[in-house]
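Novice: Sequence first, predicted model second:
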Amino acid sequence: MPPHSAFSPVAPAPARTTRGLVQLGIAALSTASLFASGLACAAELQAPNGVLWQGELEGGVQVVLTIFSRAGTDRVEGTARYDSMLAAAPRQLDGQLTAQGRLSLRERYDVQAAAEYPEPRDGARFEGTVSADGLSATGQWMSIDGTRRQTLSLTRKAIYRERTVKVADAQLTERFPETGRPGLDALIASLRDSGCGEGEHECRSGIELMRLDGGAVSLLRTTWRYSGGAHGSLDFVGGTWRRDTAESTSAASAASAASAASAASAAPARSVYTPVRLADLLQPGEACLQKLNDELQAALKRQGAAEPERGALDVQALRDTRTPFTLYRGGLVMHYAPYAVGPFAQGAYQVAVPFARLGSCARPPATGRDKSPEPNEKEQT
């Protein structure tokens, strides 16, 4: 990834914050790439510069790769997330994508995972080929020494675009995924920044697809803002939705199986996205809220946060649809910006809470493998 000086013309941020910018794709928005096409075209969307791949390893372990190209080279970089294994600790990747479609990726060792998510000592790498249409990739996911390997098939779930636009006296740069699904892309658009805040000279925003499967979609927006002084500020906004396929449920329940099948063939199914709050994932009552807060504060303390007690949530946070939490298959992840649970020098924190740790207090959402809507399936928010 580019050094922090390529990210912003200010004093270096704490190491934890810099890592957060890198893994969420914002650090790669270098000044050089932003102005490569000139300010006159700054508001126009650039060609896709990133891809989100998704696949499964043996045992149903989901792998999500977010890969960005380095301008002017065949080198790539990005992150790997092993859902249900390292929910809050994505691993950094370096690699190469040749003109012939050969993709090579290798985990990097310069970013350490949180203590409760230790990294295997041997790491991993991928050697494979991207299809001619760019929609899939197949190859071998293996240990660094190649002694342990298995076939991994990846499907492209999104591309990433970026743009730079001048709003009033400030410059906004943003990177966001585009899936080609109208309903889902509308949700992504709802989290995009329209401009910088009052008094800000520059802001950079990145949206990441943290979870995408047949039951839910979870997004995280990370925004860096600079209004002068020694350093900028960083904040997180989350958005999670449950995906249902509606076929006019009331009518289907009243009809016979035969007539329901006939209606389904005549009328296309619709994907309906319903906002999910933390309150929807937790049984009501003070005891369950306290259980969640105990888990959050204990994890923050293990990670070394100076003020873990400030990581506790209240009822308002449970009900706010933009509280910075995201989902993984086994639980939820809370995202704390710098200053939230300690001084700026400590940077940002991510805390994964498995639903199993919440016991009877948890109300986990439905899960399932991602299934792209068929051509005749409509989506609506």
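Specialist: Done, it's in.
Novice: Okay, now the unreliable bits of the stretch 101-250 of the chain?
Specialist: Residue ranges of the stretch 101-250 of the chain with pLDDT under 70: 109-122, 246-250.
Novice: Which stretches in it count as strands?
Specialist: For the stretch 101-250 of the chain, the strands defined by DSSP state E, counting those that start in this stretch cover 102-107, 125-130, 136-142, 149-167, 170-178, 202-212, 216-226, 233-246.
Novice: Direction included, what does the fifth one pair against?
Specialist: According to DSSP bridges, the neighbouring strands of strand 170-178, each with its direction, are strand 149-167 (antiparallel), strand 202-212 (parallel).
Novice: May I have the shortest one as CSV, with CA atoms only?
Specialist: Provided in CSV are the C-alpha atoms of strand 202-212 (Å, rounded to 0.1, in the frame of the first residue of the first chain):
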residue,chain,number,x,y,z
GLU,A,202,-10.6,17.7,2.1
CYS,A,203,-12.4,14.5,2.8
ARG,A,204,-12.0,10.9,1.5
SER,A,205,-14.6,8.3,1.8
GLY,A,206,-14.6,4.5,1.1
ILE,A,207,-17.5,2.1,1.2
GLU,A,208,-16.8,-1.6,1.7
LEU,A,209,-19.0,-4.6,1.2
MET,A,210,-18.4,-6.4,4.5
ARG,A,211,-21.0,-9.1,4.0
LEU,A,212,-23.0,-10.2,1.0
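Novice: Could you check the angle it makes with strand 216-226?
Specialist: 160 degrees (axes from the mean of the first three to the mean of the last three Cα atoms, to 10 degrees).
Novice: Strand 202-212 vs strand 233-246, what angle?
Specialist: Using the same axes, to 10 degrees, strand 202-212 lies at 40 degrees relative to strand 233-246.
Novice: Residue 59: which element?
Specialist: Using DSSP states H and E, residue 59 maps to neither a helix nor a strand.
Novice: I should have written residue 65 there, sorry.
Specialist: strand 61-69.
Novice: Which positions within the helix or strand that that strand is followed by qualify as buried?
Specialist: Scanning forward in sequence from strand 61-69 by DSSP H and E, the next helix or strand is strand 75-82. By 16 or more other Cβ atoms under 10 Å, the buried positions in strand 75-82 come out as 76-82. All C-beta atoms are positioned from the backbone trio N, CA, C, and that covers glycine.
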